[in-house]
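Enquirer: need a 3D model of the sequence below.
(one chain, ligands or ions: 1)
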Amino acid sequence: AEFAARADEIEAEPADLKTVGLVANLFEDAGDELSIITRFVQGRVFPAHDGTKLDIGPSLCYEALAKAAGTNVSAEDIEARLADIGEIGAVAEGLDLGGQQGLAAFGAGDGQDGLTVAEVDAELRGLAAAAGAGSTDTKLDTLFGLFNRAEPLEARFLARLVLGEMRIGVGEGTVRDAIAEAFEVSVESVERALQVSNDCGLVAETARDEGTAGLDSVHLEIGRPVKAMLAQAGTAVDALESWNTAAVETKFDGARVQVHYDGDTVQLFSRNLEDVTDPLPEVVEFVDDQLDVPAILDGEVVAIDDAGDPLPFQEILRRFRRKHDVAATREDVAVELNAFDCLHADGEDLLDEPLTARHECLSGLLDAGVSELTITSEADQVADLEAAALEAGHEGIMLKNPESAYTPGNRGQNWLKRKPDVETLDLVVTGAEWGEGRRANVLGTFLLSARDGDDYETLGKVATGITDEELADLHELLEPHVRSETGTEVDIEPAVVFEVGYEEIQASPTYSSGYALRFPRFVGVRADKSPADADSLDRIERLAAGQS
Ligand code: AMP
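Expert: Residues are numbered from 1 along each chain as shown. This next block holds a predicted model:
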């Protein structure tokens with residue numbers, strides 16, 4: 001009842017800062033139930049690292065409420081009220097619960113006092129553990145028992161808790177700030193401890209009982225997954241401008257896995273921290289075979305075809321879904337691990353090490369299955385790597401800050417995902433340059449123009465993304481249209497249209513159009529288009545101005 005009253009007060013408080021104060025007070029007063037309360041305020045029963053689910057669907061909850069509300073209330077009545085009121089907490093609060101003396105009535109008639117937070121937690125954990133035949137009935141009985149003993153305000157928050165939505169405006173950030181305020185430690189040390197433990201209850205207790213020194217000694221633990229570090233969309237320009245050099249890696253089109261090896265057994269966790277060890281036996285075997293020391297690795301599992309080429313990620317999801325018939329799926333589709341990060345190795349946490357050091361450590365641990373990391377400051381090389389990744393059937397590339405730490409759960413600026421351009425341009429080839437070295441006897445760089453009435457205005461050159469084979473074809477295609485040559489430069493009459501990807505269009509005096517493409521990339525020849533169908537300078541102007 002005390003918890004419900006506090007939650008009610010927090011829900012009514014509109015100001016974020018005051019909310020933090022109220023939650024901090026609640027944490028200070030929580031005593032032995034602190035750990036549970038840090039979770040309950042967020043509408044969760046299990047710590048974030050624990051993938052266990054309550055698995056209570058709305059209909060089970062309605063049924064339990066109806067049962068506790070008496071013989072003349074049905075689950076349909078509850079649904080009707082919900083449609084009216086719009087929120088299950090309010091519906092539960094408005095019911096006349098309790099007094100049901102049925103056999104299954106938890107605690108009925110034995111003189112127990114009101115519900116405690118610890119009891120609710122224990123009951124819900126028991127409920128989550130129920131499995132197999134009859135488990136739905138067990139769940140229903142447990143829920144009914146809890147609702148049957150609940151006061152109206154308690155019922156409001158109990159209903160929301162079992163459905164996983166507390167709706168009192170308390171998220172992870174509030175809990176972090178409230179722990180810091182309640183136990184007089186810095187937000188940064190709470191944040192760090194939360195990242196490595198993924199357990200707000202543990203962090204709150206540690207802050208209270210051992211202060212900053214305790215928080216600083218919280219480490220990664222094998223078997224306790226942390227949140228995955230996330231990426232933002234970004235471009236090669238963003239990456240090179242911010243970091244000068246970028247670490248470039250293939251973006252694998254599969255599913256994220258965090259590998260935990262304690263020296264004996266392997267556990268695999270998905271991006272939402274569910275245990276996916278059983279559905280991925282060949283990854284378990286691979287890791288078991290390769291690793292000699294305890295470690296935590298981050299990577300992507302990818303489905304591959306017989307030739308070892310990547311298949312779309314849906315194939316991996318099929319594997320995750322078919323948990324119970326892995327043998328059959330295993331025959332259908334093979335999967336392999338592409339490890340790209342190492343968070344812990346042989347007793348050492350590596351989160352604060354730079355990416356390059358972590359990757360080096362990873363390469364030392366595994367003989368195979370490690371992503372290739374290329375450090376470059378050349379935009380052209382980034383474009384080449386991207387073209388190669390796409391050519392090999394991957395999704396694109398990732399750009400990472402070589403100096404950056406591993407920040408669990410953080411969608412920061414240190415990892416950028418660069419997917420292929422959605423938009424391409426169709427441009428006319430109006431010139432070319434002879435290649436160099438190995439490519440000296442073919443045209444290698446192509447001057448691109450946009451249509452402007454009957455004229456053509458240049459806006460860039462493309463040399464990237466073209467294979468040797470394609471170069472030979474392009475040479476043959478363009479040679480009949482060569483008008484003149486000066487030095488290595490060739491003037492070509494407008495005849496051939498290229499589809500070209502790019503990152504940005506900039507105003508630039510370099511080309512006659514007044515614009516320049518940044519990082520143009522050859523996509524293909526538009527044999528179906530004539531120069532008259534190519535993109536116009538108008539369109540380029542609109543794109544440059546940020547319109548489509
Ligand atoms: P997205 O799902 O589009 O937000 O892209 C981020 C996801 O790409 C990550 O969560 C990973 O699952 C996946 N990914 C594939 N290759 C890599 C890589 N080399 N580094 C980091 N993440 C990768």
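Enquirer: could you report the neighbour count for whichever residue of the stretch 251-400 of the chain sits closest to the ligand?
Expert: Among residues of the stretch 251-400 of the chain, the one nearest the ligand by Cβ to the nearest ligand atom turns out to be residue 256. It sits 3.5 Å away. Every C-beta, even on glycine, is put in place using the N, C-alpha and C of the backbone. In terms of burial, residue 256 registers 19 neighbours under the definition other Cβ atoms under 10 Å.
Enquirer: in contact with it, which residues?
Expert: The contact partners of residue 256, taken as Cβ atoms under 8 Å, 6 or more residues apart in numbering, are 228, 270, 271, 298, 299, 300.
Enquirer: could you redo the last one with a cut-off of 6 Å?
Expert: Remark: with contacts taken as Cβ atoms under 6 Å, 6 or more residues apart in numbering, residue 256 is in contact with 228, 271, 300.
Enquirer: next one: residue 251
Expert: Counted by Cβ under 6 Å, 6+ apart, residue 251 has contacts 395, 396, 397, 398.
Enquirer: tell me the confidence at it?
Expert: For residue 251, the model assigns a pLDDT of 95.
Enquirer: swap in residue 447?
Expert: Checking the pLDDT column for residue 447, the value is 97.
Enquirer: nearest to the ligand: which residue in the stretch 401-548 of the chain?
Expert: In the stretch 401-548 of the chain, no residue comes nearer to the ligand than residue 417, which is 4.7 Å away by Cβ to the nearest ligand atom.
Enquirer: verify the stated contact: residue 508 with residue 517.
Expert: No - taking Cβ atoms under 6 Å as the definition, residue 508 is not a contact partner of residue 517, at 9.2 Å.
Enquirer: let me see the backbone angles for the closest residue to residue 418 other than its chain neighbours.
Expert: For residue 418, ignoring the flanking residues on the chain, the nearest one in space by Cβ to Cβ, 6 or more residues apart in numbering is residue 397 at 5.2 Å. Here the main-chain torsion angles of residue 397 (degrees, to the nearest 10) amount to phi -130, psi 160.
Enquirer: give me the neighbour count for residue 397.
Expert: Other residues close to residue 397 by other Cβ under 10 Å number 26.
Enquirer: wait, what's in contact with it?
Expert: 248, 251, 385, 386, 389, 418.
Enquirer: per-residue pLDDT of it, please?
Expert: Predicted confidence (pLDDT) at residue 397: the value is 96.
Enquirer: next one: residue 418
Expert: For residue 418, the pLDDT comes out at 84.
Enquirer: check the one 3 residues further on too.
Expert: At residue 421, the pLDDT value in this model is 58.
Enquirer: residue 372 too?
Expert: According to the per-residue confidence, residue 372 scores 97 in pLDDT.
Enquirer: do residue 333 as well
Expert: Value for residue 333, per-residue pLDDT: 81.
Enquirer: before we move on, what about residue 15?
Expert: Reading off the per-residue confidence, residue 15 sits at a pLDDT of 89.
Enquirer: the stretch 51-200 of the chain: helices as residue ranges?
Expert: 58-69, 75-85, 88-94, 117-129, 135-149, 152-162, 172-183, 187-197, 200-216 (DSSP state H, counting those that start in this stretch).
Enquirer: so can I have TSV of these showing distance to the ligand and mean pLDDT?
Expert: Rendered in TSV, the data for the helices of the stretch 51-200 of the chain read as follows (distance: least, Cβ to the nearest ligand atom, whole Å; pLDDT from 0 to 100):
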stretch	distance to the ligand	mean pLDDT
helix 58-69	29	94
helix 75-85	34	93
helix 88-94	32	95
helix 117-129	27	96
helix 135-149	33	94
helix 152-162	29	97
helix 172-183	19	97
helix 187-197	16	97
helix 200-216	23	98
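Enquirer: out of these, which one sits most buried?
Expert: Between those, helix 152-162 has the highest mean count of neighbours, a mean of 24, where neighbours are mean count of other Cβ atoms under 10 Å.
Enquirer: check the contacts of residue 251 against the ligand, which are close?
Expert: residue 398 (Cβ under 6 Å from any ligand atom).
Enquirer: let's see if you can find the most crowded of the contacts of residue 251.
Expert: The most crowded member of the contacts of residue 251 is residue 397, carrying 26 neighbours; neighbours defined as other Cβ under 10 Å.
Enquirer: in the sheet, who's paired with that residue?
Expert: In this structure, residue 397 has the following beta-bridge partners (DSSP bridges): residue 250, residue 418.
Enquirer: report the separation between it and residue 390.
Expert: Applying Cβ to Cβ, to the nearest Å, the value for residue 397 to residue 390 is 9 Å.
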